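Visitor: take this sequence and fold it.
(chains A, B and C)
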Amino acid sequence: MRIRKKPVARVLIISACILLFILLMQPLQVIKFRRYIDILFPAGIIGIKELDMLLIIQGLMLIIVLPVYLFTFLFSWWYRSDNKKAIYEPDLVDNRLAEYFWWGIPLVMTLIVAVFTWYKTHELDPYKPIESDKKAMTIQVVALQWKWLFIYPEENIASLNFFQFPKDVPLHFEITSDAPMNSFWIPQLGGQIYAMPGMKTELYLMANKEGDYKGSSANISGEGFAGMNFIAKATTEEEFNKWVELVKQSPNDLDRSSYKKLLVPSSYNALELYKLADSTLFEYTIMKYMHPQKE
Amino acid sequence: MSKRLRDCSPLNWATGCAKAPGLDRSKVAPYYNIGALSIVQPRELSRVPVAQFSGEQSLMIHHTADPNPDLGFPDPHQDSFSKNVLGFWIYLMTDCLIFATLFVTYAVLHGSTFGGPSSKDLFELPTAFAETMILLCSTLTSGLAMLAAVKSKTKQILIWLTLTFLLGASFIFIELSEFSHFIREGHGPQKSAFLSSFFTLVGTHGLHVSVGLFWMLVITFQLLIAGLTPATFRRLVIFSMFWHFLDLVWIFIFTFVYLLGVA
Amino acid sequence: MFGKLTLEALNHEMSQNLAVISMVLGGIAMIALITYLKRWKWLWKEWLTTVDPKRIGIMYIIVSLIMFMKGFADALMMRLQQALSVGASHGFINANHFQEVVSAHGTTMIFFVAMGVMFGLLNLIIPLQIGARDVAFPFLNALGFWLFTAGGMLTLVSLVVGSFSATGWLAYPPLSELEYSPNEGVDYWIWLVQIAGVGSTMSGINFFVTILKMRCYGMSLMKMPIFTWSALCAMVLVIFAFPILTATLALLALDRYMGMHFFTASHGGNPMMYINLIWAWGHPEVYILMLPAFGTFSEVVPTFSEKRLFGYTSMVWALIVITVLSFVVWLHHFFTMGASPNVNAFFAIMTMLIAIPTGVKIFNWLFTKFRGKVHFDTPMLWFFAFVLNFTIGGMTGILLSAPPVDFQVHNSLFLIAHFHGMVIGGVLFGFFCAFTYWFPKFTGFMLNERLNRYAFWCWFGGFLLAFMPLYMLGFMGATRRLDHYDASTGWQPLFIVVGVGAIIIMIGASLQVIGLFTSFLDRKNNRDGTGDPWNGRTLEWSIPSPPPFYNFAIVPTVDQLDPLWAKKRGKEPPQKDYEDIYMPKNTPVGFLIGMLCIVFGFAMTWHIFWLALICIVAIIACLIARLSGEDEHDIFKAAEIKAMDEALRKGHKRV
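Guide: As a prediction, the model looks like this:
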């Protein structure tokens, strides 16, 4: 038998220190980088609700996880081989009560979280309209290689890598792609949804505060996808209307031919504003994948 | 490392030359000493007194000289027949999953015709019916080949196997003509997702049948050279499992692709 | 004549050229060393043509180690790029190259490191634990290894000739279709994963039949060591999951080679179908990797607590529940793809259910320590690190399984931190635990404890430093696979911290490799003559170290769990007598087919179809030649075995 004595105390203390250091780093990071942590400091109702769910589930998980850490350290220390005070029971291999306990408690906890998840998943369905007394504003989003095109069907304007909207108004996004699969994501306002060619996904978001919110594509779609950043700007209603008037005076027209120019791959594109000259552009983008097109 | 008893280099596996001292050659049936093939007898038959190899004995799971084997536990004496048969069942299960994936893909994509023809426009039931009947008959003939093998009647095996081969070959011929007909009409697999999934599902089955045909040629060759030995018997059993499995898959294809496609 | 292959394929950026040169020099050095030591014949006879699972297991681990170096180099490059590439600077590699590195990292680590060490362990341990002399299909086993190696070699070839896939480790369409990835990268990926996958399926069938058919006398299923149970469940997963991968990759290949439209954006193709299929494979795959790691802990914790495993039956049922449930959770990898809330919620709840048996296992291990005598040798250290790191990953897994939360963190670095917690904290630490535990068994000498303990601290602390900040980065909106970002995101400081963590891990891994060499050089002083240095409980510790080629001179008879433990307490049932042993012969066919597969994969990638056809014909010819003829064995008489056995045991102090 070659079991050598090992300094257990040293292992337990050093690992506990490392763990506590990492644990301490978390709130310190939150404090230092507060400005940048979009998901923990959301500015939109969907983001707030999603964060609440995250915190609740995290709290419930800690109920199970903390005992695991506790027992790990406790048993490793107390039942170390050179502890004469500990009871040694080599044939203790089964205990019905213990099994019921640790199959049962996690099962009950999981059921609780499951019911909670069921309700929350339905409540936070991306396709579910946000309850508000204001009418939702539709924005059509087309993911291109490697930029985002935003079309306002009601205002008849469009913009590239930027869009502006009034706060406290629900936004109804209709999203598609004329490129590989992308993911439309504005972390500070809420969750993402995939943008897929030949398909239309929908997302409802709403901003509670004014501000410039960063958006990106959360799915790799080719060489330049890191340059697919856009700004979503929330302003007051008047400022938004003024902006719409400004865009309507843009010299750029967005029709089939200028759209075709946009299909040429390019990345890190600068902001562009357009008048929408072809209102069927969004449908065309989807339908061309479904049926052979005439031209 | 320990010393190994070797009579030949590993490269001579085809000629096989490990000698088994102490084995009484007079009790060994002559067909073991065939030219290029091994003359080492598998352990399980070394103490079974048999002048002529019997297929029936290979069907026993516990191949041991013990007259009262303990059937409560698996045979630890590495009985290669039952191991290989179980292993091949598992392989068939993986093959089944490949077909399941192709079926699921077909189910999802069969409506995606991109404006082109659908299954209703394309499929002709008489062709599919003929293919089904041919394959069912070939399953029958391969079953009869197996029965002949159990009775150790090599000539009968070869006859039934040849019939199975001819039936299988005509199945492939009909399928290939159906495919080339579609392609000539402009409905090749590159035209739409529906056509891609149809050609792939039915084509994969046809590919398996072709592999089966080739396998039959190899088995025929082995039977002609070595006759019926424990190993060739085992391979026949495994082949017939494969062939029946392919017929089963075809039933599903006939039902879900052709019959439901035309409805 | 050469398909799409031109001399342009050898033209790379400077960083890649450096890697190519070092790899080629490494290969030349290896060849020179073998020639200098005059070991070519030995290599051929003892290793390349072997069907002995002990040798094959060692080769699996060696190949995995080589592939780990490549995968880890990729990881270091990624960390360096992401620490530097801010604002005006675009780092030291361009975007396309970065995406190739990202894809190569994932592919290498999952298919050629994790799967390799897993199958290596199975080869080494399973026959010994069930009291068998060999596996059910020795040739199939060897063939599975050589196909695995062929895939690995193709990955290395892709570094030299041409470029690799730049679509991520799972090559989602339509990005991986011809329209958006016209060059050879995705083709390389398809063939090397396909070949390795077929090899895995073969090994899966082999071990499944081995465990069912070749257990020793008296070892019913509920008397098997629990590592064997975990292997059985993992093999069930392999058998059911890998064919899905085979079929899906074949469909993608048909899209790319024959212009079909399974997953293209237009002509009716459905990229979502690919994602569903690939994750229907992908999720069982991660459990294939995890279950043997769990099995390892179930062996190590009882041994180092001098106590039987707590709740054996419960642990077996937990394994079975995990196996079954792992097939109904795949959608949680793409909650954001727009499924209805009913579908999303169903898969979310299934995913949460799967956490229950995992938690049960952890509690059972902890309570194995309860009222035991715990020794903190290196294997136990790795178990300790597993509990601490894996639990964090598991907790964030539950967070990710809630769709609304997932909507925010999907595809962000939060996800990366989660699954690295599972793969490194679970699979890799499990492998290190198994490696340090069973090393003396297969080599006959002990590992250098001190270097391994330093390596342990580097891995434990380095992992936490390299991956905990990624959770925060995910919260800051950082997506995965980004080669560049703006300074206004505020991500750079954390990327630098994470880079430091990666370097600490590198130090840990280097210490392990150095420790391996010093242990080898010092082996005479570290020799373990007992065959049982840890006071083991299962059959593998009852034979000498390293095991003789026949494993057991007498096939054991057992009547309870932990048969060696029973024997040490005097409760062993009567054993059988010596008998003639039939061992399978070596064969070069597995190696040949593996090499042919490398050429086949290369030829198909570059559209050199005549060469691919020749390879297929050659492979079929090899198979027919191998599968003709009667069963062949080398025979060793009982008296000879008895003499060998007694000579071996004379050198041992006990058992």
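
Visitor: the helix or strand hosting residue B:221: what's the following helix or strand?
Guide: Using DSSP states H and E, residue B:221 falls within helix B:193-226. Proceeding N to C from helix B:193-226, the next assigned helix or strand is helix B:230-253, under DSSP H and E.

Visitor: give me the buried stretch members for stretch B:154-170, please.
Guide: Within stretch B:154-170, the residues scored as buried using 16 or more other C-beta atoms under 10 Å in any protein chain shown are B:157-158, B:160-161, B:163-165, B:167-170. C-beta coordinates here come from the backbone N, C-alpha and C atoms, glycine included.

Visitor: could you do stretch C:2-21 as well?
Guide: When burial is assessed from 16+ other C-beta under 10 Å, stretch C:2-21 yields the following buried residues: C:3, C:5, C:9, C:12, C:16, C:19-20.

Visitor: out of those residues, who's nearest residue C:499?
Guide: residue C:19 (19.0 Å; C-beta to C-beta).

Visitor: could you check whether the helix holding residue B:221 is close to chain C?
Guide: Yes: residues of helix B:193-226 contacting chain C under C-beta under 8 Å from any C-beta of the partner chain: B:193-194, B:196-197, B:199-200, B:218, B:222, B:226.

Visitor: on that earlier part again, would you reformat the buried residues of stretch C:2-21 as TSV and include pLDDT and distance to residue C:221?
Guide: Formatted as TSV, the buried residues of stretch C:2-21 follow (pLDDT from 0 to 100; distance: C-beta to C-beta, whole Å):
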residue	pLDDT	distance to residue C:221
C:3	86	51
C:5	88	52
C:9	85	52
C:12	86	53
C:16	86	51
C:19	87	48
C:20	91	50
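
Visitor: what about stretch C:140-153, distance to the chain center?
Guide: Centroid separation between stretch C:140-153 and its chain, computed with C-alpha atoms, centre = their mean, to the nearest Å, is 13 Å.

Visitor: what lies in contact with that stretch?
Guide: B:87, C:50-51, C:53, C:56, C:59-60, C:63, C:66-67, C:108, C:111-112, C:115-116, C:119, C:123, C:135, C:192-193, C:195-196, C:198-203, C:205-206, C:587, C:589-591, C:593-595, C:597-598, C:601 (C-beta atoms under 8 Å, 6 or more residues apart in numbering or on different chains).

Visitor: filter these down to the buried ones.
Guide: B:87, C:50-51, C:53, C:56, C:59-60, C:63, C:66-67, C:108, C:111-112, C:115-116, C:119, C:123, C:135, C:192-193, C:195-196, C:198-203, C:205-206, C:587, C:589-591, C:593-595, C:597-598, C:601.

Visitor: quick check: the residue in the stretch 1-150 of chain A that chain C sits nearest to vs residue C:493, distance?
Guide: Using C-beta to the nearest C-beta, residue A:36 is the residue of the stretch 1-150 of chain A that sits closest to chain C, at 3.5 Å. Note on residue A:36: its distance to residue C:493, by C-beta to C-beta, to the nearest Å, is 10 Å.

Visitor: looking at the two, which one has more neighbours?
Guide: A direct count of neighbours by other C-beta atoms under 10 Å in any protein chain shown for residue A:36 and residue C:493 places residue A:36 higher, at 20 against 13.

Visitor: OK, contacts around residue 95?
Guide: As the question left the chain open, I've gone with chain A. C:310-311, C:367.

Visitor: not quite, I wanted chain C
Guide: A:223-224, A:226, C:483-484.

Visitor: report pLDDT for residue 117.
Guide: Answering for chain A, as no chain was given. Looking at residue A:117, its pLDDT reads 96.

Visitor: chain C is the one I meant
Guide: pLDDT, read off for residue C:117, is 97.

Visitor: helix, strand or coil for the residue in chain C that chain B sits nearest to?
Guide: In chain C, the residue that lies nearest chain B is residue C:268 (2.9 Å; C-beta to the nearest C-beta). Per DSSP: H, G, I helix; E, B strand; the rest coil, the local secondary structure of residue C:268 is coil.

Visitor: who's in contact with the nearest residue to it once chain neighbours are set aside?
Guide: Residue nearest to residue C:268 in three dimensions, not counting chain neighbours: residue B:112, with 2.9 Å by C-beta to C-beta, 6 or more residues apart in numbering or on different chains. Residues in contact with residue B:112 (C-beta under 8 Å, 6+ apart) are B:192-194, C:267-270.

Visitor: so for residue B:112, what's the pLDDT?
Guide: pLDDT, residue B:112: 90.

Visitor: around chain A, pick out the residues from the stretch 101-250 of chain B.
Guide: B:114-115.

Visitor: for chain B, which spans come out with low pLDDT?
Guide: Residues of chain B meeting the criterion pLDDT under 70: B:1-79.

Visitor: with adjacent residues omitted, what lies nearest to the residue of it found nearest chain A?
Guide: Nearest residue of chain B to chain A (C-beta to the nearest C-beta) works out as residue B:115 at 4.8 Å. Distances taken as C-beta to C-beta, 6+ apart put residue A:291 closest to residue B:115, at 4.8 Å, once the chain neighbours are dropped.

Visitor: let me see the domain layout of the chain.
Guide: You didn't say which chain, so I picked chain A. A:38-123, A:137-290 (automatic domain parsing).

Visitor: meant chain B, my bad for not saying
Guide: According to automatic domain parsing, the ranges for chain B are B:3-62, B:80-262.

Visitor: quick one: whichever residue of chain A sits closest to chain B and residue C:179, what's the gap?
Guide: Closest contact between chain A and chain B, by C-beta to the nearest C-beta, is at residue A:291 (4.8 Å). Note on residue A:291: its distance to residue C:179, by C-beta to C-beta, is 18 Å.

Visitor: how about residue B:173?
Guide: 36 Å.

Visitor: which of those two has more neighbours?
Guide: Just comparing residue B:173 and residue C:179: by other C-beta under 10 Å the higher neighbour count belongs to residue C:179, 15 against 12.

Visitor: does the more buried one really touch residue C:265, like I thought?
Guide: Yes: applying C-beta atoms under 8 Å, one finds residue C:179 in contact with residue C:265, separated by 7.3 Å.
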